[in-house]
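Engineer: sequence first, then the predicted structure, then my questions.
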Amino acid sequence: MALVPYRTCKLFGAIRVVLGIRGSVVLIHGPRGCAYHIRYLLGMRGPFSGVILTTQMDERDVIFGASEKLQNAILQVDKEYSPELIAVLTSCASSIIGEDVDSVIRSVKDDVKAKIIFVPAGGFEGDHIDGYKEALNVIVKELVSEPERKLEDSVNLVGLYRFGPDVKDLLNLLSKLEVNVNGILTVNSSLDVLRKLSEASLNVIMCEASGFEAARLMEKLYNIPFVYSTLPIGIASTERFLLKVLEGLGKEPKLPDPVEKEKRLAVKEIEKVVEHLKGLRVAIISGSTRIAPLTEFVWELGMEPAVVSIDRLGEVTLDLLDMVVKEHSLSPKVLKEPDYREVLDTLKEEKVDLILGGLYERSLSYELNVPLYDIMHSEERTMGFKNAALLAQNILSKIKNWKT
């Protein structure tokens with residue numbers, strides 16, 4: 001069936017996970033285009049400085065194999081970049097011919113200073129979420145060490161792949177709960193941080209689509225329990241998330257006074273915006289992790305979530321969305337893993353006033369002449385009470401500017 005896909009490939013997901021590790025280099029065993037296009041796309045989504053290299057497989061390599069080319073590339077990367085970690089990722093080309101990457105790595109590992117890991121990432125093997133899962137599992141198995149101690153009131157955030165002010169604000173908010181973030185899997189982590197992930201008291205799943213497998217693996221290997229909740233976007237979802245973390249640590253599920261005050265101030269700021277947004281129909285186009293909290297946040301702003309489009313379902317996506325929909329008596333049109341055409345046709349039928357989405361939705365905005373607020377950009381502040389108020393103001397500004 002010919003489709004306009006709303007998901008990308010396994011290689012993209014694996015690359016995003018690995019690039020979260022400081023001092024890492026991604027080496028794709030594949031044609032040059034695999035590296036160029038993914039780097040180009042990541043650069044369009046926000047500030048980007050990761051190193052993505054390729055062995056530049058060509059037609060001859062696909063016929064005869066390119067193990068020697070990969071071997072030489074690993075040695076060159078180690079010498080010229082001096083990375084702490086080299087992550088060798090397969091592409092469609094090297095996966096189809098069955099290149100023995102493990103054998104190549106064994107042949108050179110004693111000749112390089114960097115740690116080397118191998119992530120099978122042939123694009124045809126799955127979508128970007130499968131790439132997230134594959135890379136997370138490899139990292140947990142090969143880079144996390146046995147714990148030397150256990151840290152009380154300490155959590156790992158599992159499944160964060162982009163670092164910016166949003167994550168910094170979340171870390172600050174958790175510190176106000178006297179919760180220490182031991183490490184993040186993987187964004188802004190070092191090899192030392194990853195080795196000590198086993199010392200945390202609790203794993204908090206941040207990416208509902210990809211984080212469960214890694215959390216279960218760490219529970220099995222290191223006896224670390226895990227929790228999940230709606231991502232902390234908006235007032236209700238932020239409070240729900242924070243209380244779930246406290247509960248998971250065995251602490252009283254109650255916000256401390258400074259955080260409660262922060263929540264009240266944010267609610268007051270949002271109330272100023274609601275009168276200008278009330279009744280607007282919104283299309284929310286997102287992955288599984290953000291779909292439920294964004295739907296709830298749209299309701300908090302007095303708008304109507306008319307269309308909810310989920311590019312990839314996770315384990316509890318529909319459960320969380322159903323909880324939000326029932327709690328607030330909402331009735332959005334829900335699209336589950338649609339293609340682009342289905343989304344376009346639905347938005348035409350529903351006549352929405354605003355799209356909450358990302359880079360991929362620019363063409364929808366253009367074709368429908370409807371404002372798009374890019375909530376997926378890496379520099380966007382979305383998590384926490386203060387950012388809920390800021391986000392509300394930014395959405396209002398987007399709509400006002402569009403009309404003028």
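Structural biologist: Received, thanks.
Engineer: what's the model's confidence in the strand or helix carrying Val140, averaged?
Structural biologist: In this assignment (DSSP states H and E), Val140 forms part of helix 128-143. Average pLDDT, helix 128-143: 97.
Engineer: for that helix, buried residues please.
Structural biologist: Residues of helix 128-143 classed as buried by neighbour count (16 or more other CB atoms under 10 Å): 128-140, 143. (Glycine included, C-beta is placed from N, CA and C.)
Engineer: tell me which residues of the helix or strand of the chain with the lowest mean pLDDT are tucked away?
Structural biologist: Lowest mean confidence among the helices and strands of the chain (mean pLDDT, DSSP states H and E): helix 32-45, at a mean of 85. Neighbour counts over helix 32-45 (16+ other CB under 10 Å) mark 34-35, 38-39, 42, 45 as buried.
Engineer: can you say which helix or strand has the closest residue to Asp111 other than its chain neighbours in it?
Structural biologist: Nearest residue to Asp111, sequence neighbours excluded (CB to CB, 6 or more residues apart in numbering): Leu75, at 6.5 Å. Following DSSP H and E, one finds Leu75 within helix 67-81.
Engineer: packing partners of that helix?
Structural biologist: strand 24-29, strand 85-90, helix 101-108 (3 or more CB pairs under 8 Å, 6 or more residues apart in numbering; DSSP states H and E).
Engineer: any low-confidence regions in the stretch 251-400 of the chain?
Structural biologist: Scanning the stretch 251-400 of the chain for pLDDT under 70 picks out 378.
Engineer: just the strands in it please.
Structural biologist: Taking DSSP state E, counting those that start in this stretch as the test, the strands found in the stretch 251-400 of the chain are 281-286, 304-310, 333-336, 354-357, 372-374.
Engineer: point out the other helices and strands that the third one packs with.
Structural biologist: Counting contacts by 3+ CB pairs under 8 Å, 6+ apart, strand 333-336 is packed against strand 304-310, helix 340-350.
Engineer: return the alpha-carbon coordinates of the last one using CSV.
Structural biologist: Extracted as CSV, the C-alpha positions of helix 340-350 are listed here (Å, rounded to 0.1, in the frame of the first residue of the first chain):
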residue,chain,number,x,y,z
TYR,A,340,-0.3,12.0,6.4
ARG,A,341,-3.2,12.0,4.1
GLU,A,342,-5.6,10.7,6.8
VAL,A,343,-4.5,13.5,9.1
LEU,A,344,-5.0,16.1,6.4
ASP,A,345,-8.4,14.9,5.4
THR,A,346,-9.5,14.7,9.1
LEU,A,347,-8.3,18.3,9.8
LYS,A,348,-10.2,19.5,6.8
GLU,A,349,-13.4,17.9,8.1
GLU,A,350,-13.0,19.1,11.6
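Engineer: nice, that's everything, thank you.
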